[in-house]
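**Q** Predicted model and sequence below, questions to follow.
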Amino acid sequence: MPPLTPQMLLRRRLFSAARHFSSSAPSGGVAAESRTQKLERIADELLSLTKEERNDYSILFRLKLGLNQLVQAGGGLPSAGTGPGVEAATEEKEKTAFDIKLEKFDAAAKIKIIKEVRTFTDLGLKEAKELVEKAPVVLKKGVTKEEAEAIAAKLKEVGATVALE
């Protein structure tokens, strides 16, 4: 038996849904047949969309269903003011979680950096030492901007080169 493709799985689901509709359709199999054909046509059209078109369609579909909070979290429909400069500006504004990355450090300040890393992580001495020695490495992920800037300032004071991503 050949492996099932996504199209084959979709068709199976559509036909099982059509059987369900045909058993509940008052006029017999004619309404179910037209529903099946309509669903199959819609499925074929959706499968023929490009990735960008599918993304736009999913956003539009969520909007029509009234699921606006999902659209806001996942992006929005393209607007008249889009472009590389505008997208970069909105990404900077929308970014709420930052990663603290240790780029490099002075060898003389290694012990101070390890102690500082232990203050904002739950790591023991050995784990913190191993983490610092792996530089460049992300020390902490998903930190608020204020907290990330405070940690970066402390690490820079003791001799580390830090980047917020």
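**A** Arrived safely, thanks for sending. Residues are numbered from 1 along each chain as shown.
**Q** Do a quick rundown of the helices in the chain.
**A** 6-24, 29-47, 51-65, 68-74, 84-94, 110-120, 125-133, 145-157 (DSSP state H).
**Q** where's Glu157 relative to Phe105, distance?
**A** Here Glu157 is placed at a distance of 12 Å from Phe105 (C-beta to C-beta, to the nearest Å). From N, CA and C alone the C-beta is placed, and that goes for glycine too.
**Q** Which one's more surrounded, these two?
**A** Phe105 (20 against 11; other C-beta atoms under 10 Å).
**Q** how's this structure carved up into domains?
**A** Segmentation of the chain into domains, based on the TED database, reads 30-70, 98-164.
**Q** Could you identify which of those is most buried?
**A** Among these, the stretch with the highest mean neighbour count (mean count of other C-beta atoms under 10 Å) is domain 98-164, at a mean of 15.
**Q** Between the two ends of it, how far is it?
**A** 6 Å (C-alpha to C-alpha, to the nearest Å).
**Q** Begin at 61, not 1, for the rest of this chat.
**A** New numbering, starting at 61: the last item is domain 158-224.
**Q** before we move on, the earlier item: lowest average confidence across the domains of the chain, which one?
**A** Note on the domains of the chain: lowest mean pLDDT is at domain 90-130, with a mean of 78.
**Q** residues touching the residue nearest to Asp166 when sequence neighbours are not counted, list them.
**A** Of all residues not flanking Asp166 in the chain, Gly219 sits nearest, at 4.1 Å (C-beta to C-beta, 6 or more residues apart in numbering). By C-beta atoms under 8 Å, 6 or more residues apart in numbering, the contact list for Gly219 reads Phe165, Asp166, Ala168, Ala169, Lys172, Ile173.
**Q** Format these as TSV; extra columns: distance to Arg122.
**A** Shown next, in TSV, are those (distance: C-beta to C-beta, whole Å):
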residue	distance to Arg122
Phe165	46
Asp166	51
Ala168	55
Ala169	50
Lys172	50
Ile173	46
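**Q** between these, which is closest to Val197?
**A** Ranked by distance to Val197 (C-beta to C-beta), the contacts of Gly219 are led by Phe165 at 10.8 Å.
**Q** Could you give the bridge partners of that closest one?
**A** Residues in a beta bridge with Phe165, per DSSP bridges, are Ala220.
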